[in-house]
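> below are the sequence and a predicted model; questions follow.
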Amino acid sequence: MTDETHPSGLSRRHLIAGLAAVPALTVAVSPAAAQMKSTEDEAAAARAALKDAKGTKLVILGSGGGPVPGRTRRMTSHVMVSNGAAYVLDCGLGVTNQYARTGIPFGALKSIFITHHHPDHNIEYGPLLVVGWIQGMPLSVRAFGPPPLKQMTDDLLRAYKTTIHFWAEDFKMKPLAAVEVKEISGVGPVMQDENVKVSSIVVEHPPVTPALAYRFDFKDRSIAFSGDTDPLEAGATMAKGADVLVHEAMFVPAVETYIKGQIARGRPVKLEDFMAHMKADHTPVEDVGRIAQEAGVKTLVLSHLTPAIDKLTDDKWRAAAAKAFKGDIVVAHDLTVV
Ligand SMILES: [Zn+2]
Ligand SMILES: [Zn+2]
């Protein structure tokens, strides 16, 4: 007997015969392959839109709310490109890969902003720094966000010190030893450079303090981000007259259905407690429309969608926001360019 025996106890001959018996499974286009093709199309479309862009552009890198892996929508992150410089806002899981897929070089990355320290907004901050550095991110990159961003940055770089030094030694690169951090705790100016003036306000997202919203005033365009917050008048004031408002949005009946399903599968939380948390911390999409109308923005981008489930169609989100908002509404998907 020359046939090798596989650890499973099946011989290689059996395995090959078995595979040959199910050709349909191996040649049909699986849903996963179809999904891969469509996400590649999205990346190609984003790259094309950025290549032809005249002025400042915003790319939604991740449009899903909450620290939930494995969805079509990744966790929250964005990149803005203006005059060849890139500014990242929030670093949910997936930010590094999504950034790369836009075709924006890591050498363009100038500043990183964090709205608040929930994992769907900061968990990939360290990996973005380290992988970004290997890929050409300037050592002059700066980071802005609520305390303890400085301690977190120092600790992350300490954790990756050995890794960074292997690479620095091997490729004669200057090691990423430190990142300049400015901690932001309140209302007012955050930073200004040759492309943009950034300001922040404090929003309501208990028990996270402070949680921030940011406004970016580029020379040709202003973009405001709500961060995670309950419906807040201050948000409308901050976004007053902006070209674009990116606002978190929650579809309440769907959140209720979603959490009931989770509870039925054994998630240890009470429906009333979960919904009370959601109402204190997040903004129903109808309120988002009202806030955008009050702010008088041109374009409202619904993002950080909760629940981030595919069966909730763009039309449903848009119709709910359009009850109060009369401008353009974009329902964000990953790699949507605005
Ligand atoms: Zn969030
Ligand atoms: Zn949050």
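Sure thing, it's come through. Ligands and ions are numbered 1, 2, ... in the order given.
> from here on, contacts and neighbour counts on C-alpha atoms
OK.
> tell me if I'm right that residue 190 and residue 184 touch.
Yes - using C-alpha atoms under 8 Å, residue 190 is in contact with residue 184, at 7.1 Å.
> counting neighbours, go ahead and name the busier of the two.
Per other C-alpha atoms under 10 Å, whichever of residue 190 and residue 184 has more neighbours is residue 184, with 25 against 21.
> related to what we said a few turns ago, identify the contacts common to residue 190 and residue 184.
residue 144 (C-alpha atoms under 8 Å, 6 or more residues apart in numbering).
> residues making contact with stretch 226-233?
Residues contacting stretch 226-233 (C-alpha under 8 Å, 6+ apart): 115-116, 203-205, 211-214, 235, 245-248, 279-284, 287-288, 291.
> buried subset of those?
115-116, 203-205, 211-214, 235, 245-248, 279, 281-284, 287-288, 291 (16 or more other C-alpha atoms under 10 Å).
> list the contacts of the host helix or strand of residue 166.
Taking DSSP states H and E as the criterion, residue 166 maps to helix 161-170. Helix 161-170 has contacts (C-alpha under 8 Å, 6+ apart) with 130, 134, 173-177.
> sketch out the low-pLDDT regions of this protein for me.
1-37 (pLDDT under 70).
> make it 50
1-27 (pLDDT under 50).
> can you give me the strands in it?
57-62, 77-82, 85-91, 109-113, 142-145, 180-183, 188-192, 196-203, 211-218, 222-225, 244-250, 299-306, 328-331, 336-337 (DSSP state E).
> residue 257 is nearest to which of those strands?
Minimum separation from residue 257 across these (C-alpha to C-alpha) falls at strand 299-306, 11.7 Å.
> just the CA atoms of that closest one, as CSV, please.
What follows is strand 299-306, C-alpha atoms only, in CSV (Å, rounded to 0.1, in the frame of the first residue of the first chain):
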residue,chain,number,x,y,z
THR,A,299,-24.7,66.9,3.4
LEU,A,300,-25.5,64.5,6.2
VAL,A,301,-23.6,61.2,6.4
LEU,A,302,-25.2,58.6,8.5
SER,A,303,-22.5,56.3,9.9
HIS,A,304,-21.5,54.3,13.1
LEU,A,305,-24.8,52.6,12.2
THR,A,306,-26.5,50.7,15.0
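> elements contacting that strand?
strand 244-250, strand 328-331 (3 or more C-alpha pairs under 8 Å, 6 or more residues apart in numbering; DSSP states H and E).
> distance to residue 141 added to these, as JSON lines?
Below are the helices and strands packed on strand 299-306 laid out as JSON lines (distance: least, C-alpha to C-alpha, whole Å):
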{"stretch": "strand 244-250", "distance to residue 141": "24"}
{"stretch": "strand 328-331", "distance to residue 141": "30"}
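> can you say which of those strands is nearest to residue 156?
Ranking those by their distance to residue 156 (criterion: C-alpha to C-alpha) puts strand 244-250 first, at 28.0 Å.
> contacts for that closest one next, please.
65, 222-229, 239, 282-285, 288, 292, 297-307.
> among those residues, name the buried ones.
65, 222-229, 239, 282-285, 288, 292, 297-307.
> what is the burial count for the nearest residue to residue 338 once chain neighbours are set aside?
The spatial neighbour of residue 338 that comes closest, neighbours along the chain excluded (C-alpha to C-alpha, 6 or more residues apart in numbering), is residue 58 at 5.2 Å. Residues lying near residue 58 (other C-alpha under 10 Å) number 21.
> which residue ranges of this protein form helices?
12-20, 23-27, 31-51, 95-101, 119-122, 125-134, 149-159, 161-170, 233-238, 252-264, 271-281, 285-295, 314-322 (DSSP state H).
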